[in-house]
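K.L.:
Predicted model and sequence below, questions to follow.
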Amino acid sequence: MMKPLAVLSQTVNKNVIVELKGKREYRGVLDGYDPHMNVVLKNAEEFYDGDPVRKMGLVIVRGDNVIYISP
Amino acid sequence: MMKPLAVLSQTVNKNVIVELKGKREYRGVLDGYDPHMNVVLKNAEEFYDGDPVRKMGLVIVRGDNVIYISP
Amino acid sequence: MMKPLAVLSQTVNKNVIVELKGKREYRGVLDGYDPHMNVVLKNAEEFYDGDPVRKMGLVIVRGDNVIYISP
Amino acid sequence: MMKPLAVLSQTVNKNVIVELKGKREYRGVLDGYDPHMNVVLKNAEEFYDGDPVRKMGLVIVRGDNVIYISP
Amino acid sequence: MMKPLAVLSQTVNKNVIVELKGKREYRGVLDGYDPHMNVVLKNAEEFYDGDPVRKMGLVIVRGDNVIYISP
Amino acid sequence: MMKPLAVLSQTVNKNVIVELKGKREYRGVLDGYDPHMNVVLKNAEEFYDGDPVRKMGLVIVRGDNVIYISP
Amino acid sequence: MMKPLAVLSQTVNKNVIVELKGKREYRGVLDGYDPHMNVVLKNAEEFYDGDPVRKMGLVIVRGDNVIYISP
């Protein structure tokens, strides 16, 4: 058994997909997180409805809008 | 009588259906959970409006959007 | 006078209707609950807009989306 | 001055109208409540957009969706 | 400087306008309130999109839906 | 560095713009606030989609719907 | 590893993009923040759907509506 935050802990410095409400998706290297599932991504790219939108060296994505996070 | 979290506890390592708002559904093996109903699924598959969308080896699904979880 | 959770306590092992936002309804035998109104139903059936959708031996319905629960 | 919960306390065993978001209304005898404004109604009737929908001997209406409660 | 709850405290027994989401407005005499901005109005009238809908001798309006309260 | 509430503290008795969800905007003199960003405005004017709607001598605007507050 | 608030701490006095729900974006110099991700921006500009809308010397943007913050 792995609790959700333990999975995030194991995923630091690895690639993740962060899917949000409203057809937004962020892909990048997980740099950090907190118990609200706010996450920090490095070398991130934003997608809207599957299409790339913007590249960001560093981004804090708010946990409130997260649908899922997949390592 | 079984409290909701006790049902989740019993379901670890078994197949579950996680139904979310917005016609999203996740099926996989329950690997973990927390009191917010955030869940970790292994060998998961995402469905949208009944159609398969994406396979994920591991995924954290946020509890906020859950409608129901069925073992 | 009966507090809401006391009504749930009395209803364990009896049939309930759980009405959710979004035209969803669950009927089954109440097996458990917690203070957030998350409920566990046995021998449950899901209805959408009045029509039967799916039968589930066991289901945890999240309290967040509940409109009402009727014994 | 009467605090909101004090008004509910005085209204136990009297008729109330519970108006919810989404054009839903419940009328019945107030049997109980809690600090979240979850209420228990006896001899209740549900209305949708002003039309009667369903009669229920006992119902717990979740406080989250309440717009107003009127004795 | 006047904190929001201090303004409510001063307004007890005076007329208030309570504007809610969804084009609803309540006017009446403020009879009570709590820290969640749940308010009790006496001799209240409900308006929808500016038109009068219903008169209520006493009503508890839930704070969750409040946009503003004006003495 | 200035924390958000420190900015509000400095702005008491000065003009502010309070932008809410749903195209609503309030302009007036900041008379008070609390940690939820509920604010009290004096000599306030409400705008909807940029057009003036209503003048209010005193108004409590609920923090929940605030998008931004600008001195 | 960098927690989300640690990233904000490092970004004080630097340019940030604050993306909100509803196609709103704020760009400016980060002047402060709190644990709710409420942020204070100096020399800020508001964009709606990519187009510039309004310049503000100082603005408190509420954390509730934040999708992401990028240094």
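P.N.:
That came through, no problem. Numbers count the residues shown, from 1 in each chain, chains lettered A, B, ... in the order given.

K.L.:
When you work out contacts or count neighbours from here on, use the C-alpha atoms and nothing else.
P.N.:
Fine.

K.L.:
Where does pLDDT dip in chain A?
P.N.:
Counting by pLDDT under 70, chain A contains no low-confidence segment.

K.L.:
list the contacts for the residue nearest the centre of chain A?
P.N.:
Geometric centre of chain A, nearest residue: residue A:18, 3.5 Å, by CA atoms, centre = their mean. Contact analysis of residue A:18 by CA atoms under 8 Å, 6 or more residues apart in numbering or on different chains lists A:25-27, A:66-70.

K.L.:
Adding neighbour count and distance to residue E:14, write those out as a markdown table.
P.N.:
Shown next, in a markdown table, are the contacts of residue A:18 (neighbours: other CA atoms under 10 Å in any protein chain shown; distance: CA to CA, whole Å):
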| residue | neighbour count | distance to residue E:14 |
| --- | --- | --- |
| A:25 | 23 | 50 |
| A:26 | 24 | 52 |
| A:27 | 21 | 55 |
| A:66 | 25 | 44 |
| A:67 | 24 | 46 |
| A:68 | 22 | 49 |
| A:69 | 25 | 51 |
| A:70 | 20 | 55 |
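
K.L.:
now for those residues, which pair is the farthest apart?
P.N.:
Put simply, by CA to CA the two of those set farthest apart are A:27 and A:67, 13.8 Å from each other.

K.L.:
three-state assignment of whichever residue of chain A sits closest to chain D?
P.N.:
Nearest residue of chain A to chain D, counting by CA to the nearest CA: residue A:64, 18.5 Å away. When classified by DSSP: H, G, I helix; E, B strand; the rest coil, residue A:64 comes out as helix.

K.L.:
Do I have it right that it meets residue A:35?
P.N.:
No. Assessed by CA atoms under 8 Å, residue A:64 is found out of contact with residue A:35, at 11.3 Å.

K.L.:
Surely residue A:6 is in a strand?
P.N.:
No. Per three-state DSSP, residue A:6 lies outside any strand segment and is helix.

K.L.:
and chain A, which residues reach chain B?
P.N.:
With CA under 8 Å from any CA of the partner chain as the criterion, chain A meets chain B at residues A:1-4, A:7, A:66-71.

K.L.:
could you redo the last one with a cut-off of 6 Å?
P.N.:
With CA under 6 Å from any CA of the partner chain as the criterion, chain A meets chain B at residues A:1-4, A:67-70.

K.L.:
Is it possible to get JSON lines of the residues you listed that adds distance to residue D:53 and secondary structure?
P.N.:
Formatted as JSON lines, these follow (distance: CA to CA, whole Å; DSSP: H, G, I helix; E, B strand; the rest coil):
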{"residue": "A:1", "distance to residue D:53": "45", "secondary structure": "coil"}
{"residue": "A:2", "distance to residue D:53": "45", "secondary structure": "coil"}
{"residue": "A:3", "distance to residue D:53": "43", "secondary structure": "coil"}
{"residue": "A:4", "distance to residue D:53": "42", "secondary structure": "helix"}
{"residue": "A:67", "distance to residue D:53": "34", "secondary structure": "strand"}
{"residue": "A:68", "distance to residue D:53": "37", "secondary structure": "strand"}
{"residue": "A:69", "distance to residue D:53": "41", "secondary structure": "strand"}
{"residue": "A:70", "distance to residue D:53": "43", "secondary structure": "strand"}
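
K.L.:
Out of those, which is nearest to residue G:54?
P.N.:
Distance to residue G:54 across the residues of chain A next to chain B (CA to CA) is lowest for residue A:67, with 31.9 Å.

K.L.:
my guess is the closest one meets residue A:17, correct?
P.N.:
No. Taking contacts as CA atoms under 6 Å, residue A:67 lies outside contact range of residue A:17: 10.6 Å.

K.L.:
How about residue A:16: what's its closest non-neighbour residue?
P.N.:
Spatial nearest neighbour of residue A:16, chain neighbours left out: residue A:71 (4.4 Å); criterion: CA to CA, 6 or more residues apart in numbering or on different chains.

K.L.:
what does chain A have sitting close to chain E?
P.N.:
Proximity of chain A to chain E, by CA under 6 Å from any CA, involves no residues.

K.L.:
Which stretches in chain A count as helices?
P.N.:
For chain A, the helices defined by DSSP state H occupy A:4-11.

K.L.:
Find the closest residue to chain E in it.
P.N.:
Closest approach of chain A to chain E (CA to the nearest CA) occurs at residue A:64, with a separation of 18.5 Å.

K.L.:
who's more crowded, residue A:64 and residue A:35?
P.N.:
Taking other CA atoms under 10 Å in any protein chain shown, residue A:64 and residue A:35 do not tie; residue A:64 has more neighbours (17 against 10).

K.L.:
Report the contact partners of the more buried one.
P.N.:
If you count contacts by CA atoms under 6 Å, 6 or more residues apart in numbering or on different chains, residue A:64 has none.

K.L.:
Which residue is it, in chain A, that comes closest to chain C?
P.N.:
residue A:64 (14.9 Å).

K.L.:
mind listing the strands for chain A?
P.N.:
Ranges of strands in chain A, per DSSP state E, are A:15-20, A:24-33, A:39-48, A:51-61, A:66-70.

K.L.:
export those to JSON lines and tack on distance to residue B:42?
P.N.:
Below are these laid out as JSON lines (distance: least, CA to CA, whole Å):
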{"stretch": "strand A:15-20", "distance to residue B:42": "15"}
{"stretch": "strand A:24-33", "distance to residue B:42": "19"}
{"stretch": "strand A:39-48", "distance to residue B:42": "21"}
{"stretch": "strand A:51-61", "distance to residue B:42": "24"}
{"stretch": "strand A:66-70", "distance to residue B:42": "10"}
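
K.L.:
Which one, of these, ends up nearest to residue E:39?
P.N.:
strand A:66-70 (33.6 Å).

K.L.:
Could you list every helix and strand in contact with that closest one?
P.N.:
Here strand A:66-70 touches strand A:15-20, strand B:51-61, going by 3 or more CA pairs under 6 Å, 6 or more residues apart in numbering or on different chains; DSSP states H and E.

K.L.:
Can you spell out which helices and strands pack onto the longest one?
P.N.:
Right, strand B:51-61. Packing partners of strand B:51-61 (3+ CA pairs under 6 Å, 6+ apart): strand A:66-70, strand B:39-48.

K.L.:
The closest residue to residue A:34 other than its chain neighbours and residue B:34, how far apart?
P.N.:
Excluding its sequence neighbours, the residue lying closest to residue A:34 (CA to CA, 6+ apart) is residue G:3, at 6.3 Å. Residue G:3 sits 20 Å away from residue B:34, going by CA to CA, to the nearest Å.
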